[in-house]
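Asks: Okay, predicted coordinates and the sequence, questions at the end:
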Amino acid sequence: VQLVESGGGLVQPGGSLRLSCAASGFTFSSYAMAWARQVPGKGLEWVSAIYKAGSTDYADSVKGRFTISRDNAKNTVYLQMNSLKPEDTAVYYCNADWVDGTGAYRAYWGQGTQVTVSS
């Protein structure tokens, strides 16, 4: 399993970015995908998830500003981030997890992409 994030960068407050996560090594369309973020010295914060049927969930802190989507033909999940705030600054990680055939929980993470919101 491999998850590769891209699209991070430096943006001014109020700006937008779109993160991408290219997935491989598993049947992408069969699993939920999620985004989480982490500020140095703080814990991992769940941001958003999209389920295999296309339904979505968001953390209250990003609801109405971020949109998660997926393209099963491209094995890619996206996070469109609008109206960015300085407190959105973090490393953003893509995540996939499931319970395998033995009953073991498996979680996979990408390498992360830095998002910095600053003037």
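Replies: In hand now; what should we look at?

Asks: got the contact list for stretch 53-61?
Replies: Stretch 53-61 is contacted from outside by 45, 46, 47, 48, 49, 50, 66, 67, 68, 70, 87, using Cβ atoms under 8 Å, 6 or more residues apart in numbering. C-beta coordinates here come from the backbone N, C-alpha and C atoms, glycine included.

Asks: Which pair in the residues you listed has the greatest spatial separation?
Replies: 70 and 87 (25.9 Å; Cβ to Cβ).

Asks: quick one, which of the two is more surrounded?
Replies: With neighbours defined as other Cβ atoms under 10 Å, residue 70 and residue 87 compare such that residue 70 has more, 21 against 10.

Asks: Among the contacts of stretch 53-61, which one has the most neighbours?
Replies: Counting by other Cβ under 10 Å, top hit in the contacts of stretch 53-61: residue 47 with 24 neighbours.

Asks: ok, now which ones touch it?
Replies: Per Cβ under 8 Å, 6+ apart, neighbours of residue 47: 34, 35, 36, 37, 58, 59, 62, 66, 79, 92.

Asks: host element of it?
Replies: strand 44-50 (DSSP states H and E).

Asks: How far away from the center of its chain is that strand?
Replies: 7 Å (Cα atoms, centre = their mean, to the nearest Å).

Asks: Kindly report the same for stretch 24-40.
Replies: With Cα atoms, centre = their mean, you get 7 Å for stretch 24-40.

Asks: Kindly check the end-to-end length of that stretch for me.
Replies: Stretch 24-40 has an end-to-end distance of 28 Å (Cα to Cα, to the nearest Å).

Asks: Give me the residues contacting it.
Replies: Taking Cβ under 8 Å, 6+ apart as the rule, stretch 24-40 contacts 1-2, 19, 21, 23, 44-52, 68, 70, 72, 75, 77, 79, 88-98, 112, 115.
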